[in-house]
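**Student:** Sharing a model prediction with you, sequence too.
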Amino acid sequence: MKSIKLLSSLILALIMFAGCSSDDDGPSGPQVSNDLFGEWTMQFIDDGTGVEDPLCSERLYYKFNSDNTYEKKEFSLNAQDNCQEASTINGTWEALSEQSIELTPLSSSSDIEVIEFEFVGNNLKIIRNSTTEEIYQRP
């Protein structure tokens, strides 16, 4: 009888520990800083020849949300030569590393984009390639 109680206790203990899993500890994979979340407007662009204000057609706006969605606005000149919003792209983002995200637009007419970034003070710096960096500030 003692061996049945001991065996039952051992089986019960194994069942209880089997239900505890380390994969229930929260999100897995790379995470980005909460500083990324919110609105960012391009202020400067450095194409390797010096820092300058972006042309209207180069100007971008991003809004990154904590639910892994984003909004991107592109701009162009209107008939009166005023810079205005030309298009809005919505989609989802995924962290590839602590300083890299992949943007997947909801529309198939836009391309998937990988953004490398870092924070410089209160600014967001997006590194497009080896020679082009964009500086963004909160509006």
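**Tutor:** It's in.
**Student:** avg pLDDT for stretch 108-124?
**Tutor:** Mean pLDDT, stretch 108-124: 94.
**Student:** Could you do stretch 52-64 as well?
**Tutor:** Across stretch 52-64, the average pLDDT comes to 94.
**Student:** What residues sit buried inside it?
**Tutor:** For stretch 52-64, the neighbour count (16 or more other C-beta atoms under 10 Å) marks 54, 56, 59, 60, 61, 62, 63, 64 as buried. (Glycine included, C-beta is placed from N, CA and C.)
**Student:** do stretch 65-80 as well
**Tutor:** Buried residues in stretch 65-80 (16+ other C-beta under 10 Å): 70, 72, 73, 74, 75.
**Student:** any idea how far residue 79 is from the most centrally placed residue in the chain?
**Tutor:** For the chain, the residue nearest the mean C-alpha position is residue 101 (4.6 Å; C-alpha atoms, centre = their mean). Here the criterion is C-beta to C-beta, to the nearest Å. By it, residue 101 lies 36 Å from residue 79.
**Student:** the longest strand in the protein is where?
**Tutor:** strand 83-97 (DSSP state E).
**Student:** how close does residue 123 get to residue 41?
**Tutor:** Taking C-beta to C-beta, one finds residue 123 at 11 Å from residue 41.
**Student:** Equivalent analysis for residue 72, please.
**Tutor:** In terms of C-beta to C-beta, residue 72 sits 12 Å off from residue 41.
**Student:** which residues are in contact with both of these two?
**Tutor:** Taking C-beta atoms under 8 Å, 6 or more residues apart in numbering as the criterion, residue 72 and residue 41 both touch residue 61.
**Student:** Could you pick out which of the buried residues of stretch 65-80 are located in strands?
**Tutor:** 70, 72, 73, 74, 75.
**Student:** burial of the residue nearest to residue 137 when sequence neighbours are not counted, as a residue count?
**Tutor:** In this structure, residue 137 finds its nearest non-sequential neighbour in residue 43, 5.0 Å apart by C-beta to C-beta, 6 or more residues apart in numbering. Residues near residue 43, counting by other C-beta atoms under 10 Å, number 15.
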